[in-house]
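Asks: Quick one: sequence and predicted model below, then my questions.
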Amino acid sequence: QVQLVESGGRLVQAGGSLRLSCASSTRTFAGYSVGWFRQAPGKEREFVAALRWSGGNRNYGDSMKGRVTISKDSTKNTVDLQMNSLKPEDSAVYYCAVGRPIISSMPAPSSYYYWGQGTQVIVSI
């Protein structure tokens, strides 16, 4: 079992930046990929970005491409999501997830075994 904890979500003004963090309290991410997804009320879960811990392969979704960077911190055993130029439509609950997808399957929620509880991001006008 892998327990994931997201942090960093808060209220931010449009145009601002946030850094979300995904940590595992039960194991390292070695051998896994970590994905970030988001879900707004009434909408489907949407892929934001993913990173393969070993090898560093990355995959970005279209919704935030160019405004988001996913990275890992080996010292802290976290996968971080730096989000810039935030827009009100970026408001959502952001989730991290762990799995072993091939790179082309990284955007699919079904590729991930474990999910965190999410962290709320609200972008105000």
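Replies: Now that the structure is in, tell me what you want to look at.
Asks: per-residue confidence for Thr28?
Replies: Looking at Thr28, its pLDDT stands at 86.
Asks: Show me which positions of stretch 32-39 end up buried.
Replies: Buried residues in stretch 32-39, defined by neighbour count with 16 or more other C-beta atoms under 10 Å: 32-38. (Glycine included, C-beta is placed from N, CA and C.)
Asks: If you could redo that for stretch 6-17, that was the one I meant.
Replies: For stretch 6-17, burial by neighbour count (16+ other C-beta under 10 Å) applies to 6, 8-9, 12.
Asks: which element is the most centrally placed residue in the chain on?
Replies: Among the residues of the chain, the one closest to the centroid is Trp36, at 2.2 Å (C-alpha atoms, centre = their mean). Assigned by DSSP states H and E, Trp36 belongs to strand 33-39.
Asks: and the angle for the host helix or strand of Ala23 with strand 33-39?
Replies: Element membership for Ala23, per DSSP H and E: strand 18-24. Strand 18-24 and strand 33-39 are oriented at 130 degrees to each other (axes from the mean of the first three to the mean of the last three C-alpha atoms, to 10 degrees).
Asks: what residues are up against Phe47?
Replies: Taking C-beta atoms under 8 Å, 6 or more residues apart in numbering, we find Phe47 in contact with 35-37, 61, 63, 106-109.
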